[in-house]
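1. need a structure here:
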Amino acid sequence: MWIRVSSMLAAVAASSFAGQAFADGEGIPFTGTFSGTAFFMSDAKVIFQGSGEITHLGLSTNAGDLSLSPPDSYGCIPNINIETLTAANGDQLVLVMEDIACPVEPGVFRGTGVWHVFSGTGRFAHAVGTGTVEGGANFNLAVFEITLAGEIAY
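-> Predicted structure coming up:
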């Protein structure tokens, strides 16, 4: 059973990049990769839990909470992902990702999308930023990997 993204997540998505821009030269590169476990909580919700390394956080963990929309005519699934990145010292950066994931074989999806900073703690309390996300999940093996690239200011 597919359900629509909740109204709260829809509001977050609608505000996507509003207020996230910064003046030229203020943003600093923000890149990294994460991998770990991926599993369905329901037909419309996926959880990612993993670790990786990303600029400005170093070695860190990630926790993703994806809300899935119904698939399009090609089987691709639009989704909203609230991704929390946690640095070793506990500082957090929360990203909202808007993505579309397409099947490449049964149980295996590749996706691409955009992200923006939603909130943060510690040194990221006032962070702003935007970028792209690419990655995939193999639900047959319960694994995922993502690569983030963009700019942030904090």
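2. right, and A63 touches N81 too?
-> No. If you go by CB atoms under 8 Å, A63 and N81 don't touch, sitting 10.5 Å apart. C-betas here are computed from N, CA, C, even on glycine.
3. got any residues that touch both of those two?
-> Each of F48 lies in contact with both A63 and N81 under the rule CB atoms under 8 Å, 6 or more residues apart in numbering.
4. who has more neighbours out of these two?
-> N81 (24 against 17; other CB atoms under 10 Å).
5. which residues touch the more buried one?
-> N81 touches F48, G64, D65, L66, S67, L95, V96, M97, E98, D99, counting by CB under 8 Å, 6+ apart.
6. most widely separated two among those?
-> F48 and E98 (15.4 Å; CB to CB).
7. between the two, who's got more neighbours?
-> Taking other CB under 10 Å, F48 and E98 do not tie; F48 has more neighbours (23 against 17).
8. please name the bridge partners of that one.
-> Beta-bridge partners for F48, by DSSP bridges, are A38, G64.
9. what does S60 give?
-> G52, A87.
10. ditto for F30
-> Beta-bridge partners of F30, as defined by DSSP bridges: G150.
11. out of the contacts of N81, which is nearest to G120?
-> L95 (9.5 Å).
12. so the closest one, which state does it fall into?
-> strand (DSSP: H, G, I helix; E, B strand; the rest coil).
13. quick check: which ranges of this structure have low pLDDT?
-> 1-25 (pLDDT under 70).
14. mind listing the helices for this structure?
-> 7-14 (DSSP state H).
15. hang on, the earlier thing: only whichever of the contacts of N81 are buried, select them in PyMOL.
-> Restricted to buried positions by 16 or more other CB atoms under 10 Å, the PyMOL selection for the contacts of N81 reads:
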select buried, resi 48+64+66+67+95+96+97+98+99
